[in-house]
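>>> what's the 3D shape of this:
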Amino acid sequence: MMGFFGTRCAGRNEELRESPNRTPKNYVYALTEINLDKIYAENRGLKVLQENATAVHDYYRGGVQEKEEGESLLKENKWEGARGHLEKSRQFFHVVLKVLPGDEAQRNVYGDRVIIFLPNLLIADNDLKLITVYKILGNDDKAKSAKDDGEYYLTQSLKTVKTEWADQIKKGLEDALPKQ
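Residues are numbered from 1 along each chain as shown. So this is what the prediction gives:
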């Protein structure tokens, strides 16, 4: 079923395929330019349900919304609920990455609507948060797996966009689990 949605996304979003990045290759975006609060603000609105998502932007927005809910539950120490939302966020972003594998600081999604588009970095950040959740819930194997996944997606993000936020996630992943 996910393959169907990925194909459908590709067919309905040709304008999303290529977006010129005019930023110098080694430019590092400061936290004031690219941060989680800005991404949340850009993606608030009508809640995207997985069964209603038909376009890449729907899946991206749904992933961001699930992430925001998971982060809110983390602050309340509601570990199981946070886990569910962060994992669902990852599912949304995986659909996005089937169609658009690279992160972009600015992506035109339709008309003159431009958003911060960082599915890889958002997955890496989710994985960083999930390491803590899994450790608290006593699942060390999943914590290790989340760390490995987070490092992979961070690397994917850094191939196309460099941010101070990515540097923070990298440090967090390095410190999350002791080396064995």
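
>>> and residue 80, how many residues sit next to it?
Using other Cβ atoms under 10 Å, residue 80 is surrounded by 10 other residues. C-betas here are computed from N, CA, C, even on glycine.

>>> hang on, it packs against residue 137?
Yes: Residue 80 is in contact with residue 137 according to Cβ atoms under 8 Å; the separation is 7.1 Å.

>>> average pLDDT for the one helix or strand residue 155 maps to, rounded please.
According to DSSP states H and E, residue 155 maps onto helix 140-158. For helix 140-158, mean pLDDT rounds to 98.

>>> now stretch 35-51
For stretch 35-51, the mean per-residue pLDDT is 96.

>>> pull up the distance across it, start to finish.
Taking Cα to Cα, to the nearest Å, stretch 35-51 runs 28 Å from one end to the other.

>>> i'd like the first residue to be 3 from this point on
Renumbered: residue one is now 3, and that last one reads stretch 37-53.

>>> which other residues reach it?
Stretch 37-53 has contacts (Cβ atoms under 8 Å, 6 or more residues apart in numbering) with 60-64, 66-67, 70, 73, 90, 93-94, 117-118, 120, 124, 127, 167.

>>> now do stretch 175-182
With Cβ under 8 Å, 6+ apart, stretch 175-182 has contacts from 126, 129-130, 133-134, 145-146, 149, 152-153, 156.

>>> for residue 42, see how far away residue 35 is.
As judged by Cβ to Cβ, to the nearest Å, residue 35 and residue 42 stand 15 Å apart.

>>> try residue 58
From residue 58 to residue 42 the distance is 19 Å (Cβ to Cβ).

>>> neighbour count: the two, which is higher?
Using other Cβ under 10 Å, the more surrounded residue of residue 58 and residue 42 is residue 58, with 27 against 14.

>>> the more buried one and residue 101 touch, don't they?
Yes: counting by Cβ under 8 Å, residue 58 does reach residue 101; the two are 5.2 Å apart.

>>> and after the helix holding residue 157, which helix or strand comes next?
Counting by DSSP H and E, the next helix or strand C-terminal to helix 142-160 is strand 164-165.

>>> and that next one, what other elements does it pack with?
Packing partners of strand 164-165 (3 or more Cβ pairs under 8 Å, 6 or more residues apart in numbering; DSSP states H and E): strand 30-31.

>>> how far does the strand it packs on sit from its chain's centre?
Mean C-alpha position of strand 30-31 versus that of the full chain (Cα atoms, centre = their mean, to the nearest Å) differs by 17 Å.

>>> what pairs with it, and is each one parallel or antiparallel?
Sheet partners assigned to strand 30-31 using DSSP bridges are listed as strand 164-165 (parallel).
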